[in-house]
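> Give the three-dimensional model of this entry:
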Amino acid sequence: MTTSPISALSPLDGRYANKLNALRPLMSEQGYMHRRVQVELAWFIALSDAGFEEFKPLSLGARRYLTDLVSQFTEQDALAIKEIEKTTNHDVKAVEYWIKSKFKDRPELEAASEFVHFACTSEDINNTSHALQLKGARQQVVLPALDQIIDQLRSMAHAYAAVPMLSRTHGQTASPTTVGKELANVVIRLRGTREKIASVPMKAKMNGAVGNYNAHLSAWPDFDWEAFSKAVIETPEAHEDGASDEQWGLGLSFQPYSIQIEPHDYMAELFDAVARTNTILIDLSRDIWGYVSLGYFKQRLKAGEIGSSTMPHKVNPIDFENAEGNLGLANAVLKHLSEKLPISRWQRDLTDSTVLRNMGVALGYSALAYASLMTGLKKLELNEEALSQDLDASWEVLAEPIQTVMRRYGVQGAYEKLKEVTRGKTVTAEALHGLIRELEIPQAEKARLLAMTPGSYIGKAVELAKRV
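Next up, the predicted model:
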């Protein structure tokens, strides 16, 4: 069987493979194997430091060898584990056997080999590995991509803060805004959901087959296994916050109560936060698509690119369409993950294990969409002429300020009078000016209304856009 991307079943590993290189080492099965090795060895090293007579502290050389197994883990290592799995038909046991195979001809490690996977159930290794995977994906892929989008939108909000734009509510002309203010709205929304994503604690448990430390206490009844487990889970990882090469922690958040599996509530919270962010970006993609359609934005041309196989003139907003489609796919998977994962029959069933293997799919479609959206945003060029023409053809939007000033000065039936003049009609500047001159309001107010244009009626839009 060929391994070329052209034969891939999923476009994430086919058509779009080269766009997901940053995510693949983290969320692939190789990434999963890598984190399992990390967890097993963190537990093993920590056991050597626990003070047991039967397992003395490992030498510095042994510790460095073990941490190198993690830091230098390769695709060949992952394939070797998969080869062992052909015999064991159990992926975690295959990891255990692979680690023990690396102890060969190292007497210190061979003598302690039975402490690999000591008192652990498979889920002690799996749930911590998933948390490490998600932690890496969040910090290295998801948040940096969102920060790029937020920074780009903020820059555009400032650049276009004072460029007036006709609003459309219910698809109809409405009170003007500015291009920058509308982009600032999105920045504020994304900042909120970005912080939700960043603040979700990555939880993990290492408490045995049903969460009670049964096996642990059968070996050492008087040892504080809960405190030990908490220390392994919460102590920073090697190379994290100045931790030494011999550090054995995982840098996660301790989950004290569980069945056989970690409850996955934090995962649901994380996936919901990503999905909410994606929903905001779907909204943005559709709006930008519409603005391109109206001519408010042009798109920079790319040499050799074709918009249509039959219509040579077309420059399609494909980046925003691609983003919208992939965000929808991501949210479909994210929704299922967040709804399914917190549910487990009794002390556990296998449905979570099957579903969890698709975390990379959900984040993959998200990352792909973020990249497409960023590409599209960078190609946009504002067409101020089109914006100005739209405003000049929409003098009816000034019915709002005129009737509001009329109300201030007690003119009876202000709303109704403007409705009669403007609703469903083509309104000209001359018609509105004629109405203003006949109003029984102070002359200074008449002058202010007469000087107003659709392009100047933008309220605090400029200030709000620049404040982001």
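
> At which residues are the strands of the stretch 301-450 of the chain located?
Counting by DSSP state E, counting those that start in this stretch, one finds strands in the stretch 301-450 of the chain at the ranges 380-382.

> Same question for the stretch 101-250 of the chain.
164-169, 172-178, 203-204.

> List the pairing partners of the longest one within its sheet, with orientation.
Same thing as strand 172-178. Applying DSSP bridges, strand 172-178 is found paired with strand 164-169 (antiparallel).

> What residues of the partner strand count as buried?
164-167 (16 or more other C-beta atoms under 10 Å). Just so you know, the C-beta spots here come from the backbone N, C-alpha and C atoms, and that holds for glycine as well.

> just stretch 190-204 next, same as before
By neighbour count, with 16+ other C-beta under 10 Å as the criterion, the buried positions of stretch 190-204 are 190, 193-194, 196-197, 200, 202-204.

> and what of stretch 204-212?
Residues of stretch 204-212 classed as buried: 204-211 (neighbour count, 16+ other C-beta under 10 Å).

> Give me the distance between the two termini of that stretch.
For stretch 204-212, the first-to-last residue distance is 15 Å (C-alpha to C-alpha, to the nearest Å).

> which residues sit against that stretch?
For stretch 204-212, the external contacting residues (C-beta atoms under 8 Å, 6 or more residues apart in numbering) are 43, 119-121, 124, 127-128, 131, 213-216, 225-226, 229, 232-233, 250, 252-260, 262, 347.

> Over to stretch 287-297?
Applying C-beta under 8 Å, 6+ apart, the set of residues contacting stretch 287-297 from outside is 165, 179, 182, 298-299, 317, 320-321, 324, 376-377, 380-383, 386-387, 390.

> go with 10 Å
For stretch 287-297, the external contacting residues (C-beta atoms under 10 Å, 6 or more residues apart in numbering) are 163, 165-166, 168, 171, 179, 182-183, 185-186, 298-299, 315-321, 323-324, 373, 376-377, 379-387, 389-390.

> what about it, distance to the chain center?
Chain-centre distance of stretch 287-297: 25 Å, with C-alpha atoms, centre = their mean, to the nearest Å.

> Just the mean pLDDT for that stretch, thanks.
Stretch 287-297 shows a mean pLDDT of 96.

> Next: stretch 263-281.
Computed over stretch 263-281, the average pLDDT equals 98.

> Let me see the ranges of the helices in the stretch 301-450 of the chain.
With DSSP state H, counting those that start in this stretch as the definition, the stretch 301-450 of the chain shows helices at residue ranges 318-340, 351-356, 359-379, 384-392, 399-408, 414-422, 429-437, 443-451.

> cool, the stretch 101-250 of the chain as well?
For the stretch 101-250 of the chain, helices defined by DSSP H, counting those that start in this stretch occupy the ranges 107-111, 122-137, 143-159, 179-199, 214-219, 225-234.

> Now the second one - C-alpha only, CSV.
In other words, helix 122-137. Output of helix 122-137 as CSV, limited to C-alpha atoms (Å, rounded to 0.1, in the frame of the first residue of the first chain):
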residue,chain,number,x,y,z
SER,A,122,-3.8,1.4,31.3
GLU,A,123,-6.0,4.4,31.8
ASP,A,124,-3.5,5.9,34.3
ILE,A,125,-1.1,6.1,31.3
ASN,A,126,-3.7,7.0,28.7
ASN,A,127,-5.5,9.9,30.4
THR,A,128,-2.2,11.6,31.3
SER,A,129,-1.0,11.1,27.8
HIS,A,130,-4.1,12.7,26.4
ALA,A,131,-3.8,15.6,28.7
LEU,A,132,-0.2,16.1,27.6
GLN,A,133,-1.2,15.9,23.9
LEU,A,134,-3.9,18.5,24.4
LYS,A,135,-1.6,20.7,26.4
GLY,A,136,1.0,20.6,23.6
ALA,A,137,-1.6,21.2,20.9
